[in-house]
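Chemist: how would this look folded up:
(chains A, B, C and D)
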Protein chains: 2
Amino acid sequence: MKGSRGIPDATVARLPVYLRALVGLADGGHETVSSDSLAGAAGVNSAKVRKDLSHLGSYGTRGVGYDVQYLVHQISRELGLTQDWAVVIVGVGNLGHALANYGGFAERGFRIAALLDADKRRVGEELAGLRVRHIDELDAIVRESRASIGVIATPAYAAQEVCDRLVQAGVTSILNFAPVVLAVPPGVDLRKVDLSIELQILSFHEQRKAAMSRLRTAAPLDREVAEA
Amino acid sequence: MKGSRGIPDATVARLPVYLRALVGLADGGHETVSSDSLAGAAGVNSAKVRKDLSHLGSYGTRGVGYDVQYLVHQISRELGLTQDWAVVIVGVGNLGHALANYGGFAERGFRIAALLDADKRRVGEELAGLRVRHIDELDAIVRESRASIGVIATPAYAAQEVCDRLVQAGVTSILNFAPVVLAVPPGVDLRKVDLSIELQILSFHEQRKAAMSRLRTAAPLDREVAEA
DNA sequence: CCGAGTTTGTGCAGGCGTTCACAAGGCGTA
DNA sequence: TACGCCTTGTGAACGCCTGCACAAACTCGG
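Modeler: Prediction:
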């Protein structure tokens, strides 16, 4: 589960957040940044920032802080953002449209190689400067574009088959938006984004808060009854 | 960080996955399910399932398994899905459209109370059976609908202000899709979904795999050179 | 050059989560 | 009732992550 030089997963997950904050600082003309202020911008504490960055090597200067530009470079390199990644998006429904038009892709070296759909009525549609192609062209597209990342934005029932075909075509990293648990062979990385699950987690905490405030308002009432 | 009866966060995050699997099993006519087969459907191991479910109480029967219907009921209750939650969605761009049309919302008791946008050209637009309203109506809408969950689907630059206004209006749980770190006061739950971060994490692992396969193909070459 | 102030890098302890392994308990059959 | 089989529930060990606290190291002003 560890990275190439043993970078913990938890750190890898935070590096993009630091990177975004650092790019903002660089645009703002900052030359250096302390772990404390970077922590503020990233919403974590400074000890975590220092420990995370220490995994990349010792790029800071005691008494001064970190060189913003240099840190941007190092984190980008570590995350593999200095090279372009070709991404294929399968499923051009509402979510597929949103993803295709999302500017954050190209911004960090992710190039959309193709938009695919199984519905022939959608094939040929123009979207984000690309023509939607049929899922049967997947093999050829992945081979030509050397795409190694696939995004699944299909309905749940189609996701596992699409996943299998992506793997078959040679994709080794998959980002799944469909609300199903997918199975992939060893060596293929799979991450999922599930709106429904996020809402249910919020619901849990919301209920907990509601129960607590009910307790707080009910408790004095109980006491009054007890005193009566 | 613990739940009402001390349910660990990691368990809460898995309960929706179990729930989805259980609903599928119930539809398939299964009366009971073992921790092992539920684990298979949820993509985890059986020890985790048993420990997670044990936090809800002892609803299983040794030698038999868990009653599917009963477990669905208990998990739903624990997650607060037995009541309706009103949700306001701010930002009706590409992502807002996708969210508004996403069926997974209503499916689990999440009712979209309103769609809001700051752009007056978008106000009045009909979307998923709702009329888009202006962000200035937020206070009134939250008060009327008793919405406690807000979804931010705006551009990054607008997200913090929208967040503040949501909190001000009385929303206590926020799901953020904008690629920024938001600050919320204590007592407000905040979760984020960030496509760009997910891709960068995949990129990291992809690079690691690429580096390893380069090593494997390069190593014999080095040996040849060394032997020459 | 020296001392005060600042900030990094890290050893260490504590907490949370995962997994193993097995005792406890329930069911079916004879 | 007794026995064998199956599955849950959980104690305990391990590992990862977090956060504290402080020594090390650098800058700046005099």
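Chemist: How about the residues of chain A by DNA strand C?
Modeler: Contacts of chain A with DNA strand C, taken as C-beta under 7 Å from any atom of the strand, map to A:33-36, A:46-47, A:50-51, A:53-54, A:58-66. (Glycine included, C-beta is placed from N, CA and C.)
Chemist: what's the burial count for residue A:179?
Modeler: A count of neighbours around residue A:179, defined by other C-beta atoms under 10 Å in any protein chain shown, yields 21.
Chemist: in terms of contact, does it touch residue B:20 like I think?
Modeler: Yes - using C-beta atoms under 8 Å, residue A:179 is in contact with residue B:20, at 6.8 Å.
Chemist: mean confidence score for the host helix or strand of residue A:217?
Modeler: In this assignment (DSSP states H and E), residue A:217 forms part of helix A:195-227. For helix A:195-227, the mean per-residue pLDDT is 78.
Chemist: thinking again about what came up before, hmm, which of the residues of chain A next to DNA strand C are the buried ones?
Modeler: Neighbour counting with 16 or more other C-beta atoms under 10 Å in any protein chain shown marks A:33-35, A:50, A:53, A:60, A:65-66 as buried within those.
Chemist: which one of the residues you listed sits closest to residue B:205?
Modeler: The shortest approach to residue B:205 among those belongs to residue A:53, at 19.8 Å (C-beta to C-beta).
Chemist: what helix or strand does that closest one sit in?
Modeler: Using DSSP H and E, the element containing residue A:53 is helix A:46-54.
Chemist: C-terminal to that helix, what's the next element?
Modeler: Once helix A:46-54 ends, the next helix or strand along the chain (criterion: DSSP H and E) is strand A:60-61.
Chemist: related to what we said a few turns ago, near DNA strand D, list only the ones from the residues of chain A next to DNA strand C.
Modeler: Counting by C-beta under 7 Å from any atom of the strand, the subset of these that neighbours DNA strand D consists of A:47, A:50-51, A:61-64.
Chemist: Backbone torsions only: list them for residue A:119.
Modeler: Here is the backbone geometry of residue A:119 (degrees, to the nearest 10): phi -80, psi 110.
Chemist: how many other residues sit next to it?
Modeler: Counted with other C-beta under 10 Å, residues neighbouring residue A:119 total 13.
Chemist: which one's the longest strand in chain A?
Modeler: Scanning chain A for the strand with the most residues, using DSSP state E, yields strand A:110-117.
Chemist: Mind checking if that one is in reach of chain B?
Modeler: Yes - using C-beta under 8 Å from any C-beta of the partner chain, strand A:110-117 comes into contact with chain B via residue A:110.
Chemist: And for stretch A:14-23, what's in contact with it?
Modeler: Residues outside stretch A:14-23 that contact it (C-beta atoms under 8 Å, 6 or more residues apart in numbering or on different chains): A:33, A:38, A:41-44, A:48-49, A:52-53, A:68, A:71-72, A:75-76, A:78-79, A:81, B:179-181, B:194, B:196-197, B:200-201, B:204.
Chemist: Is there a quick PyMOL command that grabs whichever of those residues are buried?
Modeler: Only the buried entries of the contacts of stretch A:14-23 go into this PyMOL selection, using 16+ other C-beta under 10 Å:
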select buried, (chain A and resi 33+38+41+42+44+49+52+53+68+71+72+75+76+78+79+81) or (chain B and resi 179+180+181+194+196+197+200+201+204)
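Chemist: Lovely, talk soon.
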